[in-house]
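*Asks:* Structure for this input, please:
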Amino acid sequence: MRIHALPPQLINQIAAGEVVERPASVVKELLENSLDAGARQLDIDIVGGGVRQIRVRDDGGGIDREDLALALSRHATSKIQNLHDLERVATLGFRGEALPSIASVSRLTLTSQAEDADHAWSLQGEPGEGEAPQPAAHPRGTTVDVRDLFYNVPARRKFLRTEKTEFGHLETVVKRIALGRFDVGFRLGHNRREVLHLPAAEDDVGAAGRVAAVCGAPFLEQSLLVDHAAAGLRLRGWIGLPTFSRSQADLQYFYVNGRFVRDKLVTHGVRQAYTDVLYHGRHPAYVLYLDLDPALVDVNVHPTKHEVRFREGRLVHDFLFRGLHHILGETKAGEAAPVPLRAAPAQTDALLAHQAPIRPHTPILSPMPRETRPLPLHVEEQRNAYASFRSSVAAAPTPMPTQDTGGSPPLGYALGQLHGVYVLAQNDEGLVLVDMHAAAERIAYERLKVGFEGQGVRSQPLLVPLRVVVSSREADLAQQHAETFQELGMEVDRAGPEVLVVRAMPAVLQGADAEKLLRDVLSDLAVHGSSGRLREAVNEVLSTMACHGSVRANRRLTIEEMNGLLRDMERTERSGQCNHGRPTWTRLSLADLDRLFQRGR
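*Replies:* Residues are numbered from 1 along each chain as shown. Have a look, this model is predicted:
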């Protein structure tokens with residue numbers, strides 16, 4: 001076949017294959033256009049899951065009569081004019097492909113009244129048909145009516161799911177966009193029934209209310225407020241406590257300059273911030289907003305604009321990790337919101353499944369069994385550090401005060417033990433329950449980390465250096481990041497274009513698979529520009545040591561020991577959860593107790 005130009009209709013339908021995946025894609029494009037037009041109220045009416053009809057009405061600036069037909073032409077937009085604008089995109093849309101693509105696979109009607117126009121004008125039909133706009137009755141703003149989606153592309157229509165499923169995707173899109181613009185009101189209806197009503201938020205309280213409406217009130221109750229700025233970047237929003245983790249990554253909203261994005265670099269940075277506090281296989285929940293110079297991010301990567309590319313990816317990754325890791329590290333038991341006591345059955349079963357087994361007559365700090373082979377001296381020093389915990393518990397006993405001393409500590413004063421597993425305490429607000437093994441495990445782990453970091457990472461030479469065959473790119477990475485390996489106690493030399501030699505490993509990782517660890521670190525360096533594999537491996541060893549050395553269930557503690565444990569929790573970072581992400585404490589207020597016993601009724 002000879003080379004020839006494609007007809008405009010086919011060109012638009014090809015573009016529709018990229019932009020219009022399902023009804024939710026249409027709604028996304030139309031809402032973004034309305035927001036770019038300055039809308040403050042958006043009404044979305046859906047029929048048949050969006051396949052039969054999608055109607056979006058806004059109160060934005062509107063479209064002039066002369067521009068209606070041009071709006072349905074490919075690559076026609078009012079948002080950019082030259083390359084300089086493309087390099088600093090500050091609007092949600094800019095390609096000029098959405099309307100013509102949608103019109104090519106549906107029956108579209110565009111009605112609009114510009115701000116200074118006497119009346120509205122309406123245009124119906126596919127792009128390029130040459131029809132003249134007709135007068136219409138319409139308030140200031142624009143309405144886009146899309147009917148019979150994919151009526152002329154039956155193959156695409158067969159891939160659509162049920163009406164309920166398609167509307168579910170559509171509702172998710174509306175919620176995502178609503179979380180990005182608190183100053184705009186949203187109303188969503190389906191089959192003439194109102195499903196979602198989100199009034200515009202005028203202050204921080206209204207914004208928090210919208211977050212609660214979209215993500216659920218428990219998320220807002222179990223989250224930390226974020227406002228961190230550095231190096232020209234600013235991060236705002238909410239991050240869920242580690243105890244509010246999810247089995248799926250379904251409660252993760254990240255916005256870059258107001259645009260919802262999915263980005264591997266962002267996900268990796270946030271995930272790393274939850275190191276040591278998130279249970280294996282669980283996912284953090286967050287609603288975060290990253291603001292930066294538009295010139296530092298390229299949004300022209302994918303037609304759907306879900307993906308972005310940061311010009312300084314390493315800077316953004318480290319900014320997210322360090323900021324969130326610091327905020328999570330500052331949380332101490334008694335300061336952050338406790339885990340809700342009335343957990344769902346599935347959550348309760350999960351907590352019970354990971355509860356430490358009851359071992360009678362276990363000392364408060366049982367040493368780990370020694371291996372038959374001798375261990376390096378500094379490893380023994382780390383294990384002997386458990387003894388400091390016993391002395392600290394009994395060093396400063398805090399008995400229950402006999403008179404009012406001006407308020408109790410955040411976790412109150414100990415009353416006793418329940419089944420040798422939980423510590424019961426009383427504070428000004430009510431009853432506090434503490435899992436003593438989980439709490440002691442976190443305290444011991446944080447102390448081990450402080451001691452380990454204070455001494456530095458000690459290397460231990462391998463008896464026989466390990467030769468590892470890698471690609472030339474991986475060898476270059478190892479050579480470029482030689483100092484990074486040395487700081488973490490791993491000595492790696494280049495012995496050829498595609499050969500690396502591991503000569504030393506961190507002493508605490510004695511017996512670890514050096515080759516696997518090296519390849520994992522190189523993989524992280526290639527993708528993210530940094531790696532936390534070595535640090536994670538070291539922390540995993542320290543976590544195991546802390547777990548085995550902590551107070552076990554069914555160990556009877558004195559009141560002084562219980563109070564010492566509570567005070568240590570109040571001073572220790574991340575003490576709201578153990579090393580595995582399980583909660584360490586919860587609280588029943590006096591109001592909760594009154595409701596349980598129906599007092600005051």
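*Asks:* What ranges does the stretch 501-601 of the chain have for its strands?
*Replies:* Assigned by DSSP state E, counting those that start in this stretch, the stretch 501-601 of the chain shows strands spanning 585-589.
*Asks:* Can you list the low-confidence ranges for it?
*Replies:* 508, 528-535, 537-538, 540-542, 544-546, 548-553 (pLDDT under 70).
*Asks:* do the stretch 51-200 of the chain as well
*Replies:* 126-130.
*Asks:* can we see that at 50?
*Replies:* Filtered on pLDDT under 50, the stretch 51-200 of the chain yields no residues whatsoever.
*Asks:* again, but for the stretch 201-350 of the chain
*Replies:* 342-350.
*Asks:* For it, which segments count as helices?
*Replies:* Taking DSSP state H, counting those that start in this stretch, the helices of the stretch 201-350 of the chain run over residues 204-215, 217-221, 264-273, 313-329, 345-353.
*Asks:* now do the stretch 401-550 of the chain
*Replies:* 436-455, 472-480, 482-487, 514-528, 533-549.
*Asks:* before we move on, the earlier item: go through the helices of the stretch 201-350 of the chain and name the closest to Asp592.
*Replies:* helix 217-221 (13.6 Å; CB to CB). Every residue, glycine included, has its C-beta placed from N, CA and C.
*Asks:* quick one: pLDDT of Ala396?
*Replies:* At Ala396, the model reports a pLDDT of 42.
*Asks:* so what does the longest strand that the chain contains touch, helix or strand wise?
*Replies:* Longest strand in the chain, counting residues (DSSP state E): strand 459-469. When contacts are defined as 3 or more CB pairs under 8 Å, 6 or more residues apart in numbering; DSSP states H and E, strand 459-469 packs onto strand 491-496, strand 499-506, helix 514-528.
*Asks:* Adding distance to Val47 and mean neighbour count as columns, could you present those in a markdown table?
*Replies:* Listed next are the helices and strands packed on strand 459-469 as a markdown table, based on distance: least, CB to CB, whole Å; neighbours: other CB atoms under 10 Å:
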| stretch | distance to Val47 | mean neighbour count |
| --- | --- | --- |
| strand 491-496 | 62 | 16 |
| strand 499-506 | 62 | 19 |
| helix 514-528 | 44 | 18 |
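*Asks:* so how far is Tyr255 from Ile11?
*Replies:* 32 Å (CB to CB, to the nearest Å).
*Asks:* Can you tell me, leaving aside adjacent residues, what's nearest to Leu92?
*Replies:* The shortest distance from Leu92 to any residue other than its chain neighbours is 3.8 Å, reached at Glu32 (CB to CB, 6 or more residues apart in numbering).
*Asks:* Next, give phi and psi for the one you found.
*Replies:* phi -60, psi -40 (degrees, to the nearest 10).
*Asks:* what does the model give it for pLDDT?
*Replies:* Confidence for Glu32, expressed as pLDDT, is 93.
*Asks:* tell me the contacts of it?
*Replies:* Leu92, Gly93, Ala98, Ile177 (CB atoms under 8 Å, 6 or more residues apart in numbering).
*Asks:* residues of stretch 49-69 that come out buried?
*Replies:* Using 16 or more other CB atoms under 10 Å as the test for burial, stretch 49-69 gives 49-51, 53-65, 67-69.
*Asks:* what's the answer for stretch 85-98, then?
*Replies:* Val89, Thr91, Leu92, Gly93, Phe94, Arg95, Gly96, Glu97, Ala98.
*Asks:* and what of stretch 237-257?
*Replies:* 237-245, 251-257.
*Asks:* Would you mind measuring the gap between the ends of it?
*Replies:* End-to-end distance of stretch 237-257 (CA to CA, to the nearest Å): 13 Å.
*Asks:* Centre of the chain to it, how far?
*Replies:* Using CA atoms, centre = their mean, to the nearest Å, the mean C-alpha position of stretch 237-257 is found 3 Å from that of the whole chain.
*Asks:* likewise stretch 36-45?
*Replies:* 27 Å.
*Asks:* quick one: average confidence on it?
*Replies:* 96.
*Asks:* Show me which residues of it are buried.
*Replies:* Applying 16+ other CB under 10 Å to stretch 36-45 flags Asp36, Ala37, Ala39, Gln41, Leu42, Asp43, Ile44, Asp45 as buried.
*Asks:* My guess is the fourth one contacts Arg181. True?
*Replies:* Going back to what we said before, that points to Gln41. No - when contacts are counted by CB atoms under 8 Å, Gln41 is not listed as touching Arg181 (11.2 Å).
*Asks:* returning to that earlier point: of the helices of the stretch 401-550 of the chain, which is nearest Arg107?
*Replies:* That would be, of the helices of the stretch 401-550 of the chain and by CB to CB, helix 514-528, which comes in at 45.0 Å.
*Asks:* what helices or strands is the closest one leaning on?
*Replies:* helix 264-273, helix 313-329, strand 459-469, helix 472-480, strand 499-506, helix 533-549.
*Asks:* As TSV, the ones you listed with distance to Ser122 would be great.
*Replies:* Below are the helices and strands packed on helix 514-528 laid out as TSV (distance: least, CB to CB, whole Å):
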stretch	distance to Ser122
helix 264-273	42
helix 313-329	45
strand 459-469	68
helix 472-480	58
strand 499-506	68
helix 533-549	60
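*Asks:* Nearest to Arg587, out of the ones you listed?
*Replies:* helix 313-329 (20.0 Å).
*Asks:* what's the burial count for Gln81?
*Replies:* If you count neighbours by other CB atoms under 10 Å, Gln81 ends up with 9.
*Asks:* With Trp585 instead?
*Replies:* Neighbour tally, Trp585, other CB under 10 Å: 27.
*Asks:* ok, the buried residues of stretch 85-98 vs Gln510, which is closest?
*Replies:* The closest of these, once distances to Gln510 are taken by CB to CB, is Val89, at 52.0 Å.
*Asks:* The closest one is in contact with Pro294, isn't it?
*Replies:* Yes - judged on CB under 8 Å, Val89 makes contact with Pro294 at a distance of 6.0 Å.
*Asks:* Tell me which strands the helix or strand containing Ser122 pairs with, and in which orientation.
*Replies:* Per DSSP states H and E: Ser122 is located in strand 120-124. Paired with strand 120-124 in the same sheet, following DSSP bridges, are strand 107-113 (antiparallel), strand 134-136 (antiparallel).
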